[in-house]
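Participant: after the sequence you'll find the predicted model.
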Amino acid sequence: MNEETLTAGAPQGARVARSAGGPGFGRWWRHLDKSAWVWLLAILVLVFLVVNPLVRLLIVSFQQPDSGAFTLANYAAAYSRSRYVEALGKSLVLGISAASLCLLFGVPLAWALSRTDMPGKGLVWVAILGTFVIPAYLGAVGWILLAGPNAGWLNRLVMALTGMDKGPFNIYSMSGLVLVVACYSFPYVFVFTKSALDLVSSEMEDAANILGSGNLRTTLSITLPLVLPAILAAFILVFLEAIALFGSPALLALPGRFHVVTTQLWQFFEFPPKVGVAAAYAMPLLCITVFLFWLQRRITHRKGYVSLTGKGGERRPIPLGRWKWPLLGYCLAVCTLSFFMPMVVICQAALAKAWGRGFRLDNLTLDNLYFTLFENNLTRNATINTFVYAGSAAFIAITLALCIAYVVNRELVGKRVANILSFLTMAPFVIPGIVLAIGFYAAYTHPPLLLYGTAWILILAFATRFLPIAYANSNAAIRSINPELEDAVRILGGTRFTAIRRVVAPLLKRSLAGAFILVFIPATRELSAAIFLYSINTQVLSVLLFDKSDEGNFEMLASIGLILVVITVILILIGFRLMGRDFMLRRTAA
Amino acid sequence: MSKLVLRNVSRTFGDFTAVDNFNLTLQEGELVSLLGPSGCGKTTTLRMIAGFMAPTSGTIEIDGEIISSPTSSLPPERRKMSMIFQSYAIWPNMTVAENVGFGLKIRKLDAAEIRRRVEEILEKVQLAALRDRYPAELSGGQQQRVALARAIVVKPAVLLLDEPLSNLDANLREEMRFEIRRLHDEFKITTVYVTHDQAEAMVTSDRIAVMNKGRVEQVDAPYALYGRPKTQFVAGFIGRTNFLEGKANGETLHLGGFSVPLNALQTEGGSLPGDVLVSIRPQSIHLLKHDPGNVAGRCSAQGQVQRRAYLGEYWDYYVSLPGAAQTLRVTARAQDVFEVNEAVWIEIDIAQLTVIR
């Protein structure tokens, strides 16, 4: 198909000319722009990655496992036992509690950093970025070291101080889980709220001040309501994040002897895997997610909040006076929970001969790291796999996203097709990783497309999961290029590919490298899809870390985690150089 | 031999007709501008000629071969044309010399030949000293010259220009008009020039196609277009003018305040209908202190200055005539001073009256 016949889409005009035109096919073939095949291929890959797994997920939930006949038995099995339904309720509790706690953590920090003259902003900023860098399940490991019953550092501290024979904290509980999830999700609330606050002009506050309203009252009655839509949107996002999370619940809820949806789904996959039941059980998760994302977009796209247009008015920090020290104290307390304490104990464990022996110089060793990276085949291979898979996934995701963004922005297809394409590319954004993994499992475990057991299923699942990040970035990049730059190549005799190779690609180098990092980082730590799709030869660090958690070898867990963190930090530093300081904490959520 | 032919070309976007039954034939080496207000379809026409867009009906031919039709359209890269874009579209990742040499490289010329031709054209557009600069280090005018050089150096079959001067400041714009015409006289490339600026079109073009709402109103040489506009739109768009409603009565045409013998008017259609619309340019009307009397081929009437404006280079007067509803706009030399409310005589050369309908 040639681009013009795809775009023109004017049947009546086409018919007139065909009757008038001379040697139809010959000329059509000579005039054909052969580059169209590449776009068609990209669209096919998109169908393969996004549409097929979701369709298979739906089909498999209505199928008998052996015969493939239509049945409702899977749904009956999934919702018949009270403890299965209970897990749904537990997920709801977890989501709401964690999201509320996130608001408590995130909103004051955002206000403090955006609107006030609080000292120590840089330190808080670094700690929040650090929190972003720690994978949630590594945070859970840190908190096990801190608040595990009896042996945890906080328990030992309290016991030493009070002489109690039993520590008061137990991280293996719902409240423990809520705390850990909130600690590693609140940065989303922080980013959403802060970017909204950054757009509120000081003139809005001045207007209230001049009418006699004090600073506190102004903040509560003017500033906060103005950013309420952003906060609400963040609340929904964090809720969804919390109910879709697998790592932390698996590390904390399973020893605590309770289930949430994701751990229950995982249990359905214990041998022999009940894919149909899992698919049926995943439906509420999928439906809630899709609905809430739709709601969230409605909220963020609502007009009427003029102050959020981002123009006009300077922004001055509010002088806090003597209140600046309590506020700084609060900010640091939050960061201590999410970053400082867990990071300290993880580093200690990674560098200790035995973590229980405490912070002593003679307990210090690099053996754990050395062993993990070089001596142990399992961990060494997992490290290599992590790099290779994340790199391949990022490459595939960016290539595909770039193709789709190009097709959509250069109007190589009709408007309706373009809308469908961008919708499909963004769709994985609303699909929980665990649901996507079940879809992939359902779609690609049988011939002719037998990918299960190979590295490809992990690579493709990662690529699909983070396709929206790649797409949002590619789209912005393509838009920044004036199409006339390509037109100029073509009119001088270059093909579309010449234009892309000689002009578009060189101009996009930096932003694509940044996008690569933005996909690579989450792909190195992905767990909720990997846990369903890995096999013994395709383990990655995140899976290994989870797998080894019940052995109690926390020195090794911490080492693996530390390696992940170091990789991430290096990548982020490269990203800073390429794209500027705020490239990770920028609000890019579609 | 005709080079570029647009035959009944139309382009619609949904319900909107951007170009409506466009016909134009360009001779070899001719420079024709498409002139019209924004949104009149001139850029759409140009992009169809370039092959970035297919017509929804009609054909575009070059040397007798169909290159665009609704069913198929030769991709732009195989049309052997070149184009200068509104944004210049200079590639920021290449130096001046790389930009200019790009088209030659695509044509697989050997390096020495490319070098020679790039040097030659850069000399022509006075950019030789800047050959190794990147576009970000160039001024708007210099970028414009790079775009010109890049488009001309490949010796295209047809050169297309899309509002090439609209991003330049006024002085530079005037200079570049002549530059474009000079390069055209030197290279004689068949050229289509899109602009909304009538002065630009007048300076550069052999012929001008005035477009309005997707249709061609008139195609003519600049002089004919100004002197003999065929439609009210053309008369109003090219320069300023006075429109006068005329009523025929026997052998005389009454134009409100004065009248002319019917047979003195030049018309193409032969006999005139009862009511006509006549255009007279402000500078074709002369203001006098005294009655000039009857002169052959001229008519005169007495009137009064309503308001006036002094614009340095000339006077702009509005003169009312007894029995006429509208005032006449008259342009007079700077030394012809008349006071407001002063009685004046107007004198018109009948040959300057153009019958629109």
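Facilitator: Great, that's in hand. Numbers count the residues shown, from 1 in each chain, chains lettered A, B, ... in the order given.
Participant: C-alpha from now on. contacts and neighbour counts both.
Facilitator: Will do.
Participant: pick out the residue closest to the middle of chain B.
Facilitator: What sits nearest the mean C-alpha location of chain B, by C-alpha atoms, centre = their mean, is residue B:201, with 3.4 Å.
Participant: SS state for that residue?
Facilitator: helix (DSSP: H, G, I helix; E, B strand; the rest coil).
Participant: then the one 10 residues further on?
Facilitator: Put simply, residue B:211 is strand when judged by three-state DSSP.
Participant: same question for residue A:254.
Facilitator: Under three-state DSSP, residue A:254 falls in the coil class.
Participant: how about the contacts made by it?
Facilitator: residue A:263 (C-alpha atoms under 8 Å, 6 or more residues apart in numbering or on different chains).
Participant: got the phi and psi for residue B:316?
Facilitator: With angles defined as degrees, to the nearest 10, residue B:316 sits at phi -110, psi 110.
Participant: part of a strand, is residue B:318?
Facilitator: Yes: the assignment for residue B:318 is a strand, going by three-state DSSP.
Participant: need the pLDDT of the nearest residue to it once chain neighbours are set aside.
Facilitator: The shortest distance from residue B:318 to any non-neighbouring residue, by C-alpha to C-alpha, 6 or more residues apart in numbering or on different chains, is to residue B:329 (4.7 Å). Reported pLDDT at residue B:329 in the predicted model: 90.
Participant: given the helix or strand hosting residue B:329, what are its sheet partners and their directions?
Facilitator: Assigned by DSSP states H and E, residue B:329 falls within strand B:328-333. Its sheet considered, strand B:328-333 pairs with strand B:314-320 (antiparallel) by DSSP bridges.
Participant: in the partner strand, what's buried?
Facilitator: B:315, B:316, B:317, B:318, B:319, B:320 (16 or more other C-alpha atoms under 10 Å in any protein chain shown).
Participant: repeat for stretch A:414-431
Facilitator: Result for stretch A:414-431 [16+ other C-alpha under 10 Å]: buried residues A:414, A:418, A:421, A:422, A:424, A:425, A:426, A:427, A:428, A:429, A:430, A:431.
Participant: what about the nearest residue to residue B:207 once chain neighbours are set aside, neighbour count?
Facilitator: Spatial nearest neighbour of residue B:207, excluding adjacent residues (C-alpha to C-alpha, 6+ apart): residue B:221 at 4.2 Å. For residue B:221, the count of nearby residues is 15 (other C-alpha atoms under 10 Å in any protein chain shown).
Participant: same check, this time on residue A:235
Facilitator: If we define neighbours as other C-alpha under 10 Å, then residue A:235 has 25 of them.
Participant: export the helix or strand hosting it as CSV, just CAs?
Facilitator: According to DSSP H and E, residue A:235 maps onto helix A:224-244. What follows is helix A:224-244 as a C-alpha-only set of coordinates in CSV (Å, rounded to 0.1, in the frame of the first residue of the first chain):
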residue,chain,number,x,y,z
LEU,A,224,-4.4,23.1,47.9
PRO,A,225,-7.9,23.2,46.2
LEU,A,226,-6.2,24.4,43.0
VAL,A,227,-3.9,21.3,42.9
LEU,A,228,-6.6,18.9,44.2
PRO,A,229,-7.2,17.4,40.7
ALA,A,230,-3.5,16.5,40.5
ILE,A,231,-3.6,15.0,44.0
LEU,A,232,-6.7,13.0,43.2
ALA,A,233,-5.1,11.7,40.1
ALA,A,234,-2.0,10.7,42.0
PHE,A,235,-4.1,9.0,44.6
ILE,A,236,-5.7,6.8,41.9
LEU,A,237,-2.4,6.1,40.3
VAL,A,238,-0.9,5.0,43.7
PHE,A,239,-3.9,2.9,44.5
LEU,A,240,-3.5,1.0,41.2
GLU,A,241,0.2,0.7,41.8
ALA,A,242,-0.4,-0.8,45.2
ILE,A,243,-3.0,-3.4,44.1
ALA,A,244,-0.9,-4.5,41.1
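Participant: what about the stretch 151-300 of chain B, any weak spots by pLDDT?
Facilitator: Per-residue confidence for the stretch 151-300 of chain B (pLDDT under 70) gives these ranges: B:266-274.
Participant: in three-state terms, label residue B:11 for me.
Facilitator: strand.
Participant: wait, isn't it in contact with residue B:59?
Facilitator: No: counting by C-alpha atoms under 8 Å, residue B:59 is not a contact partner of residue B:11; they are 11.0 Å apart.
Participant: what helix or strand does the closest residue to chain A within the stretch 101-250 of chain B sit in?
Facilitator: Proximity of the stretch 101-250 of chain B to chain A (C-alpha to the nearest C-alpha) peaks at residue B:103, 5.2 Å away. In this structure, residue B:103 sits in helix B:96-106 according to DSSP H and E.
Participant: so how far is the following helix or strand past that helix off the chain centroid?
Facilitator: Later in the chain than helix B:96-106, the nearest helix or strand by DSSP H and E is helix B:111-124. Centroid displacement of helix B:111-124 relative to its chain, using C-alpha atoms, centre = their mean, to the nearest Å, is 32 Å.
Participant: do helix B:111-124 and chain A meet?
Facilitator: No: Helix B:111-124 lies apart from chain A when judged by C-alpha under 8 Å from any C-alpha of the partner chain; the minimum separation is 14.4 Å.
Participant: pop the domain breakdown of chain A in here.
Facilitator: A:1-8+A:35-71+A:366-590, A:90-359 (automatic domain parsing).
Participant: how about residue B:230, secondary structure?
Facilitator: Going by three-state DSSP: residue B:230 is coil.
Participant: list the contacts of it.
Facilitator: Contacts of residue B:230 by C-alpha under 8 Å, 6+ apart are B:217, B:218, B:356.
Participant: now residue A:77
Facilitator: Contacts for residue A:77 (C-alpha under 8 Å, 6+ apart) come out as residue A:277.
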